[in-house]
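Colleague: What would the 3D arrangement of this be:
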Amino acid sequence: MQLSDKQKEFWNNCNCRWNIKTGATRSGKTYLDYYIIPKRIRACKGDGLIVLLGNTQGTIERNVLEPMRSIWGSLVGTISSNNKAKLFGRDVYVLGADKKNQVARIQGAGIEYCYGDEITTWSQDVFQMLKSRLDKPNSCFDGTCNPDSPNHWFKEFLDSKANIYHQHYTIDDNPFLTDEFVSALKQEYYGTVYYNRFILGQWVRAEGAIYKLFAGKPDRYFISFEELKHKKIQMINIGVDFGGNLSKHAFVATGITNDYEVIVLVSERHDADTDSDKLCMLFIDFVKRVFDMYSNIDTIYCDSAEQVLIRTLKKALHDNGFNISVRNASKIEIVDRIRLVAGLISRNKFFYTQNADTVKDALTNAVWDETKIKTVRLDDGSSDIDTLDALEYSIERYARKLVSM
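Modeller: Okay, the predicted model is just below:
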């Protein structure tokens, strides 16, 4: 195995109760653990449980187990129905840590070794429980995460006097990445809080405008109809967010080009106290408007929390002669949706037309909620979160392509 100087340093010094790597994404933090984990498991004496924790069981499978299988083959088993996997001949619990009840089955049991992935995404209650469970003489923990707010509970732990070996990474600490890839990643996060966190590996507060590049000069991302004629749009989707309380109903039609650019074609927002019949009429008018202008709609993605309204819209579409697929929005993590749109903006892959003023205003006015420790956008009715949700629903299923192209 080929290791960077930073990885060799960790291998030689990770002898504390807590051994933590924090910093930039793709900086080599996790790769070393594909070799650290088997070393730790083989050193266990059988006095306590062996546990792998991540944001969810699925993220542990994707981030840790799958890459390890490519190295170690059958020595890394699959997760069974009882949340265990056989790793290097030992039974290992594989659990999500985003909610306290996810790890209730190991509460009260002593833990000899624990590995933690994406620690800043965990429930704090899970981490507090873990501290009391590492109760064997040789108990230890290895873990990684990207930085978050400097007020995050895990940052407070890192700054404590616990027995911690802590290593910090920037993107430039990985010598195995190509200059082209590093440059592209830096461009993707440029102008956002994620540049500081995922490129420089800094614990910085999310404050002010979320989409700073867009908010500073929104006209830069405007596209005229004449320019639009030269774009090859491969699909058009509509995102629908349903209103309630302080929020409103929002419709957003986006086009995705052959070059994986996102163009917001049409957007609208309507009062939440609109009854279902009126909502259907407004939506059908919106669909007709998009069809009249672009002659196509591939899929409609709706907020999955409102199944009754979705069925009502489906019926209205059918009654008006529209045979369009209506699906639930994926609703990936909001922070991942924000990063998707911010990345498109920073790479000049995002545009809007003159019929998308609500999207223009929503992106310009979106700000971080500075009262929260967790990185979230302000949602108190002072900004248009509904339109942002609808925009994200229309493109999130294609996130991997949009990010990689």
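Colleague: what's the next secondary structure element after the helix or strand containing Leu185?
Modeller: Element membership for Leu185, per DSSP states H and E: helix 179-189. Tracing the chain past helix 179-189, the next element assigned as helix or strand by DSSP H and E is helix 193-194.
Colleague: Rounded mean pLDDT for that following helix, please.
Modeller: On average, the pLDDT along helix 193-194 is 90.
Colleague: just stretch 244-251 next, same as before
Modeller: 87.
Colleague: what do you get for stretch 201-218?
Modeller: Average pLDDT, stretch 201-218: 93.
Colleague: Just the terminal-to-terminal distance for it.
Modeller: 28 Å (CA to CA, to the nearest Å).
Colleague: Then stretch 174-192?
Modeller: 22 Å.
Colleague: before we move on, what about stretch 299-306?
Modeller: Using CA to CA, first and last residues of stretch 299-306 are 17 Å apart.
Colleague: Report the distance from that stretch to the chain centre.
Modeller: Computed by CA atoms, centre = their mean, to the nearest Å, the separation of stretch 299-306 from the middle of its chain amounts to 19 Å.
Colleague: What are the contacting residues of it?
Modeller: Contacting residues not belonging to stretch 299-306 are listed as 235, 237-242, 309-310, 313, 317, 324-331, 389, 393-394, 396-397 [CB atoms under 8 Å, 6 or more residues apart in numbering]. In short, each C-beta sits where N, CA and C put it, glycine included.
Colleague: give me the low-pLDDT residue ranges for the chain?
Modeller: Scanning the chain for pLDDT under 70 picks out 405.
Colleague: what residue is smack in the middle of it?
Modeller: For the chain, the residue nearest the mean C-alpha position is Asp336 (2.7 Å; CA atoms, centre = their mean).
Colleague: Give me the spatial nearest neighbour of it, chain neighbours excluded.
Modeller: Once flanking residues are discounted, Asp336 sits nearest to Ala399: 7.2 Å by CB to CB, 6 or more residues apart in numbering.
Colleague: Spit out the contact partners of the one you found.
Modeller: Taking CB under 8 Å, 6+ apart, we find Ala399 in contact with Ile332, Asp336, Leu340.
Colleague: separation between the second one and Ala184?
Modeller: Asp336 sits 18 Å away from Ala184, taking CB to CB, to the nearest Å as the criterion.
Colleague: Check Ile263 too.
Modeller: Note on Ile263: its distance to Ala184, by CB to CB, is 21 Å.
Colleague: Please identify which of the two sits among more neighbours.
Modeller: The neighbour count for Ile263 versus Ala184, taken as other CB atoms under 10 Å, is higher for Ile263 (22 against 12).
Colleague: so that one makes contact with Lys229?
Modeller: No. Taking CB atoms under 8 Å as the definition, Ile263 is not a contact partner of Lys229, at 11.9 Å.
Colleague: domains in the protein, as residue ranges please.
Modeller: Using automatic domain parsing, the domain ranges for the chain come out as 5-175, 212-404.
Colleague: Would you mind putting the ones you listed into a markdown table with distance to Val193 alongside?
Modeller: Listed next are the domains of the chain as a markdown table, based on distance: least, CB to CB, whole Å:
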| stretch | distance to Val193 |
| --- | --- |
| domain 5-175 | 9 |
| domain 212-404 | 7 |
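Colleague: Next, count neighbours for Gly28.
Modeller: Neighbour count for Gly28, taken as other CB under 10 Å: 21.
Colleague: For Leu344, see how far away the closest residue to it other than its chain neighbours is.
Modeller: Leaving aside its sequence neighbours, Gly28 sits nearest to Asn174 (CB to CB, 6+ apart; 4.3 Å). When distance is defined by CB to CB, Asn174 is 24 Å away from Leu344.
Colleague: Contacts for the host helix or strand of Leu317, please.
Modeller: Leu317 belongs to helix 307-319 when elements are defined using DSSP H and E. Under the criterion CB under 8 Å, 6+ apart, residues 240, 242, 276, 279-281, 283-284, 287, 300, 302, 304, 323-324, 326, 328 lie in contact with helix 307-319.
Colleague: What strands line up against the helix or strand that comes right after that helix, and which way round?
Modeller: Remark: after helix 307-319, the chain's next helix or strand is strand 325-328, criterion DSSP H and E. Here strand 325-328 is paired, per DSSP bridges, with strand 299-302 (parallel).
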